[in-house]
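# Quick one: sequence plus predicted model below, questions after.
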Protein chains: 2
Amino acid sequence: MGKAKKPYVIGLDLGGTNSVFGIVDEKGNIVDSTAIKTREQGDIQTYVENCCAALQPLIEKAGGIDNIQAMGIGAPNGNFYTGTIEFAPNLPWGGQIPLAKMFKDKLGIPVVLTNDANAAAIGEMTYGVAKGMKNFIMITLGTGVGSGIVINGQLVYGSDGFAGELGHVIMVKDAKGRECGCGRKGCLETYCSATGVARTAKEVITSSDVPTSLRNIPTENITSRDVAIAAEGGDKVAQGIFEFTGRMLGEACANFAAFSSPEAFIFFGGLTKAGDLLMTPIRKAYDENVLCIYKGKAKMLVSQLDDAKAAVLGASALGWEIE
Amino acid sequence: MGKAKKPYVIGLDLGGTNSVFGIVDEKGNIVDSTAIKTREQGDIQTYVENCCAALQPLIEKAGGIDNIQAMGIGAPNGNFYTGTIEFAPNLPWGGQIPLAKMFKDKLGIPVVLTNDANAAAIGEMTYGVAKGMKNFIMITLGTGVGSGIVINGQLVYGSDGFAGELGHVIMVKDAKGRECGCGRKGCLETYCSATGVARTAKEVITSSDVPTSLRNIPTENITSRDVAIAAEGGDKVAQGIFEFTGRMLGEACANFAAFSSPEAFIFFGGLTKAGDLLMTPIRKAYDENVLCIYKGKAKMLVSQLDDAKAAVLGASALGWEIE
């Protein structure tokens, strides 16, 4: 009864600014792609219609919809179980959006949806450094800190579809931590995201008069990229900021190991461009803090997927998972 | 080709003091049981022989070995993947002990082994309050703090068989925490185990002169049971100790939720006898600290299995899992 797999899947990386589509083959080649602005399409019904209109020429070039196995969507606050986007603060539509069903009805192929970090983990498992791994934790270091956890070869969705929010593990307790967008204090992402690195820089600069090239930039404008450039240029303060960030990530990962004892932690996103500036303190703090039975076991890897393509690849990889 | 299930499994709860055996039916009734002293059997070969000799009359009463589906063993540092006990500090045999294979060779039935907290989780899923649940976290509060994590209906063993050591998540960072038997500092179990409660009591008594009935007991002899009795009798200091313990557990569980978003946390072991003294602060701190998307979702349950029987039941339940 088994049907032969079709040659392509569609991936949609739904971001607050752009909605990027790719037609992807089984080896992870994006054979065709297009994009529309997420915010300029009006209501959700019109958004889906405009997406499908933009996709139509790509589908035809791929030999028609019969050549497409399925569509995968990576979206903020995407719920795998329900196929809905739920109250995503960075998207123009409020409430619960049954996006998977809307695309399915329109395109006539299976559609599955999950959040962006989970999509990244599946992408890594399908096309990236996690190929062949059954147990790993993906940590995305962007504006926030996201995570996708794979155990026994399956993505962990939990009882409600929202498992894997490791960016919101509280690292600094007793309300002594930084304020987080989630309304609480001390979350990992307030320290270890790109935004967190910039906050650390601002704190260091305003709370001391230590000399640093970062003072040449108006404090409010400092980005994690500026800190990385300064650190690479030998600025000790900037290097210390990456040391602090990496240490906290390493400590957090040591705690995560006690949960699922993964084969690898895989880091992805803008901050990883800092390379060893970030990875060396992560590895050091991990080794110093992890329980002895786990010591020396988990690899600390950086995703090798092209940043610009990884989100679409991750979303598309979901399409191969549908049974 | 499917064979009918046989009526019984054998459970072995291998503890540092006693090795307790039960013949268990599918409903979780322990139809027969026996025990030998773990330490008085000499080398591991003799231990296994003596175990089997003690089991023989029970097996015969059950209608012979053909009526036994399998044997499950719960043991400290038990590794499910390899069937070995690895460097268990509280057992008389060092190194790696291939215990599952030894029993299998001797009895001629499938034998599977895991650590005690994992066995407790499987027991709870097979016979207890987790029946029907696919995602839950079992926390055992005994001499230490153990855990068994179930995701998608499967126990989480991780890449090496040692996943689920939540008692060793670091709750007090930067080497400011209590010394743990694992060689590190600040682990959850140094605060929230029975031993941890006794440590808290000693700290409070020696670091202040606040009046408490606990001063009637020689400080070195105070146990968590003494603290519970004092708290139930209205002693404010003792009540504060449970408040402190429960709060830390609730904060820890709030972080665990960000990992697997479980349907329930299930607490088991001596400390849970304190009832609401412990559970009320757990629930309160959990609600105060958990990310909003998880709020009000996870149940906080206490195991209803008989303490004396639960370990054997848990081990036996492993036997039904073998395919």
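Yep, it's here.
# for chain B, what are the nearby residues on the stretch 201-323 of chain A?
A:251, A:254-256, A:258-263, A:289, A:291-294, A:297-298 (Cβ under 8 Å from any Cβ of the partner chain). C-beta coordinates here come from the backbone N, C-alpha and C atoms, glycine included.
# could you flag which of those residues are buried?
Neighbour counting with 16 or more other Cβ atoms under 10 Å in any protein chain shown marks A:251, A:254-256, A:258-263, A:289, A:291, A:293-294, A:297-298 as buried within these.
# Am I right that A:P57 falls within a helix?
Yes: if the criterion is DSSP: H, G, I helix; E, B strand; the rest coil, then A:P57 is within a helix.
# show me the contacts for A:E124.
Going by Cβ atoms under 8 Å, 6 or more residues apart in numbering or on different chains, A:E124 touches A:A130, A:K131, A:F136, A:M138, A:I266, A:F268, A:S303, A:L305, A:G314.
# Tell me how many other residues surround the last one.
By other Cβ atoms under 10 Å in any protein chain shown, the residues close to A:G314 number 33.
# Identify the residue with the minimum pLDDT among the buried ones among the residues of the stretch 201-323 of chain A next to chain B.
Lowest pLDDT of these: A:I293, 91.
# Quick check: which element contains A:P89?
Applying DSSP states H and E as the criterion places A:P89 outside every helix and strand.
# quick one: pLDDT of it?
For A:P89, the predicted pLDDT is 76.
# List the contacts of it.
A:P76, A:G181.
# And for the one 5 residues further on?
Listed by Cβ under 8 Å, 6+ apart, the contact set of A:G94 reads A:F87.
# List phi and psi for A:D209.
Here is the backbone geometry of A:D209 (degrees, to the nearest 10): phi -120, psi 30.
# so can I have CSV of the contacts of A:E124 showing secondary structure?
As requested, those are exported to CSV (three-state DSSP):
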residue, secondary structure
A:A130, coil
A:K131, coil
A:F136, strand
A:M138, strand
A:I266, strand
A:F268, strand
A:S303, coil
A:L305, coil
A:G314, helix
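# just those now: which is nearest B:Y8?
A:F136 (39.1 Å; Cβ to Cβ).
# picking up where we left off before, looking at the residues of the stretch 201-323 of chain A next to chain B, which are in strands?
Among those, no residue falls in strands (DSSP state E).
# What about A:K134, how many residues nearby?
There are 15 residues near A:K134, going by other Cβ under 10 Å.
# cool, and A:E232?
A:E232: 14 neighbours (other Cβ under 10 Å).
# Can you tell me the closest non-neighbouring residue to it?
With sequence-adjacent residues excluded and distances taken as Cβ to Cβ, 6 or more residues apart in numbering or on different chains, A:E232 is closest to A:L277, at 7.1 Å.
# Does that neighbour touch A:A231 like I think?
Yes: contact criterion Cβ atoms under 8 Å: A:L277 and A:A231 qualify, at 5.2 Å.
# tell me, what's touching these two both at once?
With Cβ under 8 Å, 6+ apart, A:L277 and A:A231 have common neighbours A:Q239, A:F242.
# so what's the residue nearest to A:E232 up against?
Neighbours of A:L277 in contact, by Cβ under 8 Å, 6+ apart: A:A228, A:A231, A:E232, A:Q239, A:F242, A:G246.
# Can you tell me the closest non-neighbouring residue to the fifth one?
What it means is A:F242. Closest to A:F242 by Cβ to Cβ, 6+ apart is A:L277, at 4.3 Å.
# got a pLDDT number for the one you found?
Value listed for A:L277 in the pLDDT field: 96.
# what do you get for A:C52?
Value for A:C52, per-residue pLDDT: 97.
# burial measure for it, as a count.
By other Cβ under 10 Å, 14 other residues sit near A:C52.
# Would you state the strands of chain A in chain order?
With DSSP E applied, chain A shows strands at A:8-14, A:18-25, A:30-37, A:68-74, A:78-79, A:84-86, A:96-97, A:111-114, A:136-141, A:145-151, A:154-155, A:264-268, A:299-302, listed in chain order.
# Mean pLDDT added to those strands, as a markdown table?
Listed next are the strands of chain A as a markdown table, based on pLDDT from 0 to 100:
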| stretch | mean pLDDT |
| --- | --- |
| strand A:8-14 | 95 |
| strand A:18-25 | 95 |
| strand A:30-37 | 95 |
| strand A:68-74 | 96 |
| strand A:78-79 | 92 |
| strand A:84-86 | 92 |
| strand A:96-97 | 92 |
| strand A:111-114 | 95 |
| strand A:136-141 | 96 |
| strand A:145-151 | 96 |
| strand A:154-155 | 94 |
| strand A:264-268 | 97 |
| strand A:299-302 | 97 |
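# I figured A:C192 hits A:F242, correct?
No: counting by Cβ under 8 Å, A:C192 sits too far from A:F242 to count as a contact (10.6 Å).
# Report the contact partners of the residue of the stretch 1-150 of chain A found nearest chain B.
When distances are taken as Cβ to the nearest Cβ, the stretch 1-150 of chain A reaches nearest to chain B at A:N135, 4.4 Å away. With contact taken as Cβ under 8 Å, 6+ apart, A:N135 is in contact with A:V150, A:I151, A:N152, A:S260, A:S261, A:P262, A:E263, B:G158, B:S159, B:A163.
# So which of the residues you listed belong to helices?
A:S260 (DSSP state H).
# Looking at the contacts of A:N135, which one is closest to A:I217?
Distances from A:I217 to those, taken by Cβ to Cβ, are shortest for A:P262, at 37.4 Å.
# what two of the buried ones among the residues of the stretch 201-323 of chain A next to chain B have the greatest distance between them?
Every pair of these checked by Cβ to Cβ; the farthest is A:E251 and A:E263, at 19.9 Å.
# low pLDDT regions in chain A?
Applying pLDDT under 70 to chain A flags the ranges A:1-3, A:323.
# For it, just list every one of the helices.
Under DSSP H, chain A gives helices at A:44-61, A:99-107, A:116-127, A:189-192, A:194-207, A:224-232, A:236-260, A:276-289, A:307-321.
# among the ones you listed, which is nearest A:N18?
Of all those, helix A:307-321 comes closest under Cβ to Cβ, at 9.9 Å.
# how close does A:N152 get to chain B?
Plainly put, A:N152 is 6 Å away from chain B if you go by Cβ to the nearest Cβ, to the nearest Å.
# That's all I had, so thanks and see you.
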